[in-house]
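Visitor: Below: sequence and its predicted model.
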Amino acid sequence: MLKNPKPLTLANPNRFRTIQDLTQMRPDCGASIDDIFVIDNELLLIIDLSHLGDILIPYNSPSASYVRTHGVVVESYVKNEPWPVLWNDPFLLLPTSHHLKEKFKVYLEHGKVLGKVSCPSGSFLFLTLRNDMPTPLVSLMDKALRKKTGLKIKIPNGTYRVFYEQFKTPEGSKKEFYQNIAVQKQ
């Protein structure tokens, strides 16, 4: 008797690479060096970091401290059109790789679309929405969500780690054009 082949998943952990340390790239940005966030009955916000603007300056403001403590910033390439956000336990996936245009249908067969998000600045923020958030930060996020420039979703409770899912890069191309942003429940 033949065994069933292993089912496909949204992401392949064999291709996972750690995200960049933004404090190395921009020491003044106030971004978290952590690649982990925790969901405990809260919602998760995925938003282009530019929508929070100058609220993260100065570095020691309550809003900047909240984002550093509870958020994860991930660099991507600039793209104004929205990407779908897909879920299939244990993965949350933003299929950002250029080469997926022709192969995107397979992702829809293995994951549920939770919404879409764009990234004109090239920096995504994954942020747990907790009750202790500073009021100015809540106001900015609400404004961005009303303009449909971010996405607020519910995923199962747990600890999550953010990775790049790196695909083979054609010679002469930038590696960031051939990577997805993958979040794995730990």
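Guide: Done, it's in.
Visitor: where in this protein is pLDDT low?
Guide: Counting by pLDDT under 70, the chain has low-confidence residues at 1-8, 20-33, 54-56, 101-106.
Visitor: all strands for it, in order.
Guide: Using DSSP state E, the strands of the chain run over residues 16-18, 36-39, 43-48, 71-75, 79-88, 91-94, 112-119, 123-129, 150-153, 158-166, 179-185.
Visitor: Which of the residues in the shortest one are classified as buried?
Guide: It stands for strand 16-18. Residues of strand 16-18 classed as buried by neighbour count (16 or more other C-beta atoms under 10 Å): Phe16. Where C-beta positions appear, they are placed from N, C-alpha and C, glycine not excepted.
Visitor: angle of the biggest helix by length in the chain against strand 43-48?
Guide: Taking DSSP state H as the criterion, the chain has its longest helix at helix 135-146. Angle between the axes of helix 135-146 and strand 43-48 is 70 degrees (criterion: axes from the mean of the first three to the mean of the last three C-alpha atoms, to 10 degrees).
Visitor: name the helices or strands packed onto helix 135-146?
Guide: Here helix 135-146 touches strand 43-48, helix 62-70, strand 150-153, going by 3 or more C-beta pairs under 8 Å, 6 or more residues apart in numbering; DSSP states H and E.
Visitor: Figure out how far it is from the centre of its chain.
Guide: In terms of C-alpha atoms, centre = their mean, to the nearest Å, the centre of helix 135-146 is set 18 Å apart from its chain centre.
Visitor: mind listing what's buried in it?
Guide: For helix 135-146, a neighbour-count test (16+ other C-beta under 10 Å) marks Leu137, Leu140, Met141, Ala144 as buried.
Visitor: For the third one, give me its contacts.
Guide: Met141 sits next to Leu45, Ile47, His51, Leu52, Leu127, Leu129, Gly150 when contact means C-beta atoms under 8 Å, 6 or more residues apart in numbering.
Visitor: Could you single out the nearest of the buried residues of helix 135-146 to Asp89?
Guide: Within the buried residues of helix 135-146, the smallest distance to Asp89 is 25.8 Å, found for Met141 (C-beta to C-beta).
Visitor: ok, back up a step: can you redo the strands of the chain as CSV with distance to Ser65?
Guide: Shown next, in CSV, are the strands of the chain (distance: least, C-beta to C-beta, whole Å):
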stretch, distance to Ser65
strand 16-18, 24
strand 36-39, 15
strand 43-48, 17
strand 71-75, 11
strand 79-88, 26
strand 91-94, 25
strand 112-119, 24
strand 123-129, 13
strand 150-153, 20
strand 158-166, 20
strand 179-185, 23
